[in-house]
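Novice: Sequence first, predicted model second:
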Amino acid sequence: MSPTAIALILIAALAHASWNLFSKQAAAAGGALFAWLLAATATACYAPVIAVIVLVTRPHLGPLNWVFLVGTGVLQTGYFLFLQRGYRLGDLSVVYPIGRGAGALLAAVAGIVVLGERPGPVTLIGIGCIIVGIVLIGLPGRDAEQPDGAPATRPGTGPAIGFALATGAFIAGYTLWDKYAVSTLRTPPLLQGFAAFPVMVLLLSPFALADRQRTVSVWRQYRRQVLAAGLLAPLAYALVLVALSFTPVSVVAPAREVSVLFGVLLGRRMLGEPDLARKLAAAAVIVAGIITVAIG
């Protein structure tokens with residue numbers, strides 16, 4: 001891999017982990033309202049760029065292309081809502097790695113069950129690593145203890161893990177959905193990646209408009225997080241696409257999962273979340289599993 005590709009992937013991974021940090025910081029605001037503000041920011045910032053690209057390239061989009069453009073927005077709306085709920089209940093350093101790992105795991109399982117793929121031993125080892133990493137990162141921490149001295153799970157950790165796993169299901173869903181759109185239907189990747197944000201704005205507008213006072217309050221209180229997440233979420237994907245333009249996908253896809261490690265470190269550094277050593281080790285196992293699945 002070239003130094004340029006490495007730099008792009010690392011920046012993209014840090015950008016991805018960072019917008020998740022901002023989402024975690026604003027999790028108490030309410031998932032639908034924050035997601036609407038994030039999507040509106042992303043739409044406003046990147047719509048002119050997408051418009052220029054469409055005018056220059058003039059892609060041919062049939063009815064099925066439009067179905068998949070709208071569908072990715074529906075799936076990613078669910079992804080953002082479940083992610084925000086997970087962050088409201090649990091640590092960034094728990095929800096983020098589990099969500100990413102579960103997404104890769106379920107995508108691999110879907111390939112086996114739905115597409116009839118026959119994984120080799122290396123892929124099976126990778127799947128096992130992801131499962132082990134998810135279990136390790138979900139174990140009770142030692143920051144809180146029961147009267148008998150046994151380690152206790154932090155409040156909300158169990159439900160947070162459930163929402164993280166559901167988030168992973170949405171990740172797997174829109175990953176397979178978008179893969180079909182760009183590889184079979186030939187929808188331009190940038191257009192497919194951007195389409196989720198205006199669709200999210202439309203889907204979540206009833207919630208935002210029904211409680212305008214609270215929406216304004218969320219904007220005033222978390223303006224920095226909204227703007228940063230709205231800028232970084234599409235940027236992270238765009239940087240990956242640039243790297244893919246001159247680097248094999250089999251190299252880029254697993255390498256970008258280093259964002260899981262960044263997420264754990266940011267959780268500790270910026271939010272003071274506990275159990276860094278255990279979570280970092282578990283996240284490393286998840287990343288190793290994802291890489292193994294990718295190369296297997």
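Specialist: Looks like it arrived, so ask away.
Novice: what separates residue 227 from residue 40, distance-wise?
Specialist: As judged by Cβ to Cβ, to the nearest Å, residue 227 and residue 40 stand 11 Å apart. Placement of C-beta: from N, CA and C, glycine included.
Novice: ok, the two, which is more surrounded?
Specialist: A side-by-side neighbour count of residue 227 and residue 40, using other Cβ atoms under 10 Å, places residue 40 first with 20 against 16.
Novice: All the helices of the stretch 151-296 of the chain, residue numbers only.
Specialist: 157-183, 189-210, 212-221, 223-244, 249-255, 259-271, 276-295 (DSSP state H, counting those that start in this stretch).
Novice: Name the residues that touch stretch 190-198?
Specialist: 39, 42-43, 46-47, 50, 53-54, 59, 68-70, 72-73, 75-77, 174, 178, 181-182, 234, 237-238, 241 (Cβ atoms under 8 Å, 6 or more residues apart in numbering).
Novice: give me the low-pLDDT residue ranges for the stretch 51-200 of the chain?
Specialist: 115, 140-156 (pLDDT under 70).
Novice: Strands of that one, start to end?
Specialist: In the stretch 51-200 of the chain, no strands are defined using DSSP state E, counting those that start in this stretch.
Novice: Which residue comes closest to residue 204 once chain neighbours are left out?
Specialist: Counting by Cβ to Cβ, 6 or more residues apart in numbering, residue 204 lies nearest to residue 36, which is 4.0 Å off, once chain neighbours are set aside.
Novice: list the helices and strands whichever strand or helix holds that neighbour packs on?
Specialist: Taking DSSP states H and E as the criterion, residue 36 maps to helix 31-57. Under the contact definition 3 or more Cβ pairs under 8 Å, 6 or more residues apart in numbering; DSSP states H and E, helix 31-57 sits against helix 63-89, helix 189-210, helix 212-221, helix 223-244.
Novice: that older thread, tell me which of the helices of the stretch 151-296 of the chain lies nearest to residue 112.
Specialist: helix 276-295 (11.0 Å; Cβ to Cβ).
Novice: pLDDT averaged over the closest one - what is it?
Specialist: For helix 276-295, the mean pLDDT works out to 87.
Novice: tell me how far that helix is from the chain's mean position?
Specialist: Helix 276-295 sits 16 Å away from the centroid of its parent chain (Cα atoms, centre = their mean, to the nearest Å).
Novice: Residues touching that helix, excluding its own?
Specialist: Taking Cβ under 8 Å, 6+ apart as the rule, helix 276-295 contacts 93-94, 97, 100-101, 104-105, 108, 122-123, 125-134, 136-137, 139, 141, 250, 253-255, 257-258, 260-261, 263-265, 267-268, 273.
Novice: Just give the nearest non-adjacent residue to residue 205, would you?
Specialist: In this structure, residue 205 finds its nearest non-sequential neighbour in residue 36, 6.8 Å apart by Cβ to Cβ, 6+ apart.
Novice: How about residue 126?
Specialist: Sequence neighbours aside, residue 292 is the residue nearest to residue 126 in space, at 3.0 Å (criterion: Cβ to Cβ, 6+ apart).
Novice: How many neighbouring residues does residue 7 have?
Specialist: Per other Cβ under 10 Å, the neighbour tally for residue 7 reads 12.
Novice: Repeat that for residue 10.
Specialist: Residue 10 has 16 nearby residues by other Cβ under 10 Å.
Novice: what sits against it?
Specialist: Neighbouring residues of residue 10 by Cβ under 8 Å, 6+ apart: residue 258.
Novice: on that earlier part again, out of the helices and strands packed on helix 31-57, which gets nearest to residue 14?
Specialist: Smallest distance to residue 14 across those (Cβ to Cβ): 8.5 Å, for helix 223-244.
Novice: Okay, buried residues for that closest one please.
Specialist: 225-240, 242-244 (16 or more other Cβ atoms under 10 Å).
Novice: next one: stretch 177-196
Specialist: 177-178, 181-182, 187-196.
Novice: Could I get those in JSON lines, plus columns for distance to residue 12?
Specialist: Formatted as JSON lines, the buried residues of stretch 177-196 follow (distance: Cβ to Cβ, whole Å):
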{"residue": "177", "distance to residue 12": "21"}
{"residue": "178", "distance to residue 12": "16"}
{"residue": "181", "distance to residue 12": "21"}
{"residue": "182", "distance to residue 12": "18"}
{"residue": "187", "distance to residue 12": "21"}
{"residue": "188", "distance to residue 12": "19"}
{"residue": "189", "distance to residue 12": "14"}
{"residue": "190", "distance to residue 12": "14"}
{"residue": "191", "distance to residue 12": "19"}
{"residue": "192", "distance to residue 12": "17"}
{"residue": "193", "distance to residue 12": "12"}
{"residue": "194", "distance to residue 12": "16"}
{"residue": "195", "distance to residue 12": "19"}
{"residue": "196", "distance to residue 12": "17"}
